[in-house]
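Undergrad: Next come a sequence and a model predicted from it.
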Amino acid sequence: MYQPATVIGKSAEYQPEIQSLVDKVSIEKMYQHLEELCWADGHQSRVTFTPGNYKAVEYIEEYFNSLPGITEVVLDTFYLSMAITPYDQYPIINVIATKQGESQTPELIILGGHYDASGSRESNWATNWQTLKAQGADDNASGVAAMLETARIITDPENNFQNKHTIKFIAFAAEEYHPKIPGVHHAGSLYDAYAMYDQQQKLAAVIVLDMIAYNTIKDYVEVISNVKSLWLADLIYDYVDLYVSDLTTNSYPVNVPYSDHESYQIYGFPAILLMENDSPWNSDPPNYSRNPHYHTQSDTIGTLRASLLEKVTRLALASVADLCSQDQITYVADNRRSDYSEFSLPSIYPNPFNESTRIRFYVDVDTRVNITIYNMKGEKITTLSDQLYNYGSHEITWNSQNLASGLYFCVIQSHNFNHCIKITHIK
């Protein structure tokens, strides 16, 4: 059974000053952000390398610059050499706004979410990605809107919030897979996480917001964490109880690598993800019914649940405010390997697939992993891997070659993990 991690210092305690900040969350202001991001200056798409994507950068930068309490706004620009020409010459841009901490030895907290969108579940995605109306309201205008609203309240001089630690609000670029960037996603956060690692930054905590506004059943959010970040997940649960008690959560954190938090975990930083469901393309009764709009042109503002967006924003705001108010953000790594699997729930995408599909998994400790494919009769088709994997995220491609169409089973095993996923092959 899951047991709370130990945090050096204190557990979260109710603070009236934080409650005052939380009460200032405006759903109207967030819907203004949603309109701007989804419309994208008329392009109705924020797919990477499209005009709407760059218009989103302009909007986010302008909004950050309008906030009087922001210390600095930077367009952190880089290029992806693995992108197919000419897109290797197109800029990838993270938009970063900083509010400097007032402590003599401030630590760093990141609140972020990706601003790009995807239409990968449309049949013509590979050829028409430039013209599809991929508004990405839930994925992930919702997370960006929550981040911008948190930044507004935290940095407003009238609110007199004294942050002891430095806050970076980051709108990440190129989180989604893209036809012109083979095999790469989470590009913006990977770029930033490596910079933090290379510069030996004192990065204390990362909170990522991704798909936080669709749920036809209830106001529900999942806390997603790896072992090293469990102390932060425990605090998140405290913040729910203290400031957003009408928001439902999972009873203990799950561990999946589907968003930008993974980039920071790879480099050893504590990072958690807040998401409406750990795999939004699947249902999780009684809490969640799969999002049919995921990565399609129907992911529009009208499909969102305003109350859920507001409550998750309140949670993000309370989390950042409380962490920044502590004298020192310190923690101990949690070594409960027996209670919390070193393996994340794997993902296979695309599924169904035609010629090839990618199997992604994440391990919190060095471990041997066996990945085997079976047919419906239980006969072994192939062993894709049987080797030692180091801590971090990994991906394996399965090429179906001359296999017949049908249902197959991917069995993934390590010393304390055994999971089977159905895969559909369509010729």
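TA: In hand now; what should we look at? Residues are numbered from 1 along each chain as shown.

Undergrad: Which residue ranges of the stretch 151-300 of the chain form strands?
TA: In the stretch 151-300 of the chain, strands defined by DSSP state E, counting those that start in this stretch lie at 166-172, 203-209, 220-225, 248-249, 271-275, listed in chain order.

Undergrad: Nearest to Tyr197, out of these?
TA: Closest approach to Tyr197 among these (Cβ to Cβ): strand 203-209, 8.5 Å. All C-beta atoms are positioned from the backbone trio N, CA, C, and that covers glycine.

Undergrad: Thr382 belongs to a helix?
TA: No - counting by DSSP: H, G, I helix; E, B strand; the rest coil, Thr382 falls outside a helix, being strand.

Undergrad: So, low pLDDT: which residues of this protein?
TA: Applying pLDDT under 70 to the chain flags the ranges 1-10, 330-346, 364-365, 392, 415-418.

Undergrad: which one in it is furthest away from the centre?
TA: Among the C-alpha atoms of the chain, the one most distant from their mean position (Cα atoms, centre = their mean) is that of Lys377, at 37.4 Å.

Undergrad: Once you drop chain neighbours, what's closest to Asp76?
TA: Asn94 (4.3 Å; Cβ to Cβ, 6 or more residues apart in numbering).

Undergrad: List the contacts of the one you found.
TA: Residues near Asn94 by Cβ atoms under 8 Å, 6 or more residues apart in numbering: 75-77, 170-173, 188, 191-192.

Undergrad: same deal with Ala141?
TA: Ala141 neighbours (Cβ under 8 Å, 6+ apart): 33-34, 37-38, 46, 115, 117, 135.

Undergrad: Return the member of these nearest to Ala306.
TA: For those, the minimum distance to Ala306 (Cβ to Cβ) is 9.8 Å, reached by Leu34.

Undergrad: follow-up on the earlier one: hey, which of the strands of the stretch 151-300 of the chain is tucked in deepest?
TA: Burial of the strands of the stretch 151-300 of the chain is given as mean neighbour count (mean count of other Cβ atoms under 10 Å); strand 271-275 ranks first at a mean of 28.

Undergrad: Which strands or helices does that one pack on?
TA: If contacts are counted by 3 or more Cβ pairs under 8 Å, 6 or more residues apart in numbering; DSSP states H and E, strand 271-275 sits against strand 203-209, strand 220-225, helix 230-243, helix 261-266, helix 306-325.

Undergrad: any chance of those in a markdown table, with distance to Asp156 too?
TA: What follows is the helices and strands packed on strand 271-275, written out as a markdown table (distance: least, Cβ to Cβ, whole Å):
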| stretch | distance to Asp156 |
| --- | --- |
| strand 203-209 | 20 |
| strand 220-225 | 25 |
| helix 230-243 | 18 |
| helix 261-266 | 27 |
| helix 306-325 | 12 |
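
Undergrad: Looking at those, which is nearest to Ser400?
TA: Checking these against Ser400 by Cβ to Cβ gives helix 261-266 as the closest, at 26.7 Å.

Undergrad: same for the closest one, what does it pack against?
TA: Helix 261-266 packs on helix 187-198, strand 203-209, strand 271-275, strand 392-399, going by 3+ Cβ pairs under 8 Å, 6+ apart.

Undergrad: could you pull out the helices for the protein?
TA: For the chain, the helices defined by DSSP state H occupy 16-22, 27-39, 51-66, 125-128, 142-155, 187-198, 230-243, 261-266, 306-325.

Undergrad: would TSV of those with distance to Glu222 and mean neighbour count be doable?
TA: Listed next are those as TSV, based on distance: least, Cβ to Cβ, whole Å; neighbours: other Cβ atoms under 10 Å:
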stretch	distance to Glu222	mean neighbour count
helix 16-22	20	17
helix 27-39	20	18
helix 51-66	26	19
helix 125-128	27	13
helix 142-155	14	26
helix 187-198	19	21
helix 230-243	10	22
helix 261-266	12	27
helix 306-325	10	24
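
Undergrad: ok, now how distant is the nearest residue to Tyr90 once chain neighbours are set aside from Ala173?
TA: Using Cβ to Cβ, 6+ apart and skipping residues adjacent in sequence, the residue nearest Tyr90 is Phe49, 5.2 Å away. Separation of Phe49 from Ala173 (Cβ to Cβ, to the nearest Å): 10 Å.

Undergrad: How about Arg290?
TA: Look at Arg290 and Ala173: by Cβ to Cβ, they are 27 Å apart.

Undergrad: Neighbour count for these two, which is higher?
TA: More crowded of Arg290 and Ala173, by other Cβ atoms under 10 Å: Ala173, with 29 against 15.

Undergrad: ok, now which ones touch the spatially most central residue of the chain?
TA: By Cα atoms, centre = their mean, the chain has its centre lying nearest to Ser259, at 3.3 Å. Going by Cβ under 8 Å, 6+ apart, Ser259 touches 114, 175, 186, 208, 210, 224, 273, 275.

Undergrad: try Leu148
TA: Counting by Cβ under 8 Å, 6+ apart, Leu148 touches 30, 33, 60, 63-64, 169.

Undergrad: one step back: quick one: the residue farthest from the centre of the chain and Ala151, what's the gap?
TA: From Lys377 over to Ala151 the distance is 56 Å, taken as Cβ to Cβ.

Undergrad: To what extent is Gln413 buried, counted in neighbours?
TA: Gln413 has 16 neighbours, counted by other Cβ under 10 Å.

Undergrad: tell me, how many neighbours does the closest residue to Thr382 other than its chain neighbours end up with?
TA: Excluding its sequence neighbours, the residue lying closest to Thr382 (Cβ to Cβ, 6+ apart) is Ile373, at 5.1 Å. Neighbour count for Ile373, taken as other Cβ under 10 Å: 20.
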